[in-house]
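**Student:** quick one, what's the 3D model for this:
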Amino acid sequence: MPQEFEFTRTFDAPRDVVFKAWTEPERLNQWWGPKNFTMQTVKLDLRPGGVFHYCMRAPGGQDMWGKFVYREITLPERLVFVNSFSDAAGNTIRNPWSPAWPLEVLNHLTFTEHDGKTTITMRGAPLNATDEEQKTFDDAHSSMQQGFNGTLDQLAAYLGKSI
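**Tutor:** As a prediction, the model looks like this:
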């Protein structure tokens, strides 16, 4: 049975600040991506049908491109977007390291605030995946959890400096 990937994390920051960190290029560039990568936002058009197109540069100089295509935006509560690897022109491409990785993943990101702290919950699942792609995605949940925790550690550090 296919499973969604889900994680939850609470930040010591108000919801509007955390939401802006996910939706404003100058903020995203400070924390998005793996540790020690540099981030460049090529385009961020925050509207349904709009695109966040970005490049992450590895310490060795290799570029990795990706994009979100937004489906729903409810300020400052919810983002729904399709995430994929891309080329420099923004065309959707296969994962360069795993040809069995799903071409597109639909993500639902919610932001809730309680006592000045914000909890984000993200659920994601492949779109139109083959059985092999779904299995590859399901088998990667543990490594995705590690990767997102590392990225969100950077978000927590950024929020700690910017508030």
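**Student:** these two touch, right, residue 124 and residue 106?
**Tutor:** Yes - judged on CB atoms under 8 Å, residue 124 makes contact with residue 106 at a distance of 6.6 Å. C-beta here means a position set from N, CA and C on the backbone, and glycine is covered the same way.
**Student:** between those two, who's got more neighbours?
**Tutor:** Between residue 124 and residue 106, counting by other CB atoms under 10 Å, residue 124 is the more crowded of the two (22 against 18).
**Student:** contacting residues for the more buried one?
**Tutor:** By CB atoms under 8 Å, 6 or more residues apart in numbering, the residues touching residue 124 are 4-6, 83, 105-108.
**Student:** how about it, phi and psi?
**Tutor:** Per-residue torsions, residue 124: phi -140, psi 150 (degrees, to the nearest 10).
**Student:** for the longest strand anywhere in the chain, give the mean pLDDT please.
**Tutor:** Taking DSSP state E as the criterion, the chain has its longest strand at strand 63-74. Mean pLDDT, computed over strand 63-74, is 98.
**Student:** may I have the strands that pair with that strand, each with its orientation?
**Tutor:** strand 51-57 (antiparallel), strand 78-86 (antiparallel) (DSSP bridges).
**Student:** which one in the chain is furthest away from the centre?
**Tutor:** The C-alpha centroid of the chain is most remote from residue 115, which lies 25.3 Å away (CA atoms, centre = their mean).
**Student:** from residue 140, how far out is that residue?
**Tutor:** Here residue 115 is placed at a distance of 34 Å from residue 140 (CB to CB, to the nearest Å).
**Student:** list the buried residues in the lengthiest helix in the chain.
**Tutor:** Counting by DSSP state H, the longest helix found in the chain is helix 141-162. Within helix 141-162, the residues scored as buried using 16 or more other CB atoms under 10 Å are 148, 152, 154-155, 158-159.
**Student:** what helices or strands is it leaning on?
**Tutor:** strand 5-11, helix 15-23 (3 or more CB pairs under 8 Å, 6 or more residues apart in numbering; DSSP states H and E).
**Student:** so of those, which one's packed in deepest?
**Tutor:** Most buried of the helices and strands packed on helix 141-162 by mean neighbour count (mean count of other CB atoms under 10 Å) is helix 15-23; its value is a mean of 19.
**Student:** and the helix or strand just after that helix, which residues are buried?
**Tutor:** Later in the chain than helix 15-23, the nearest helix or strand by DSSP states H and E is helix 25-28. Buried residues in helix 25-28, counted by 16+ other CB under 10 Å: 25, 27-28.
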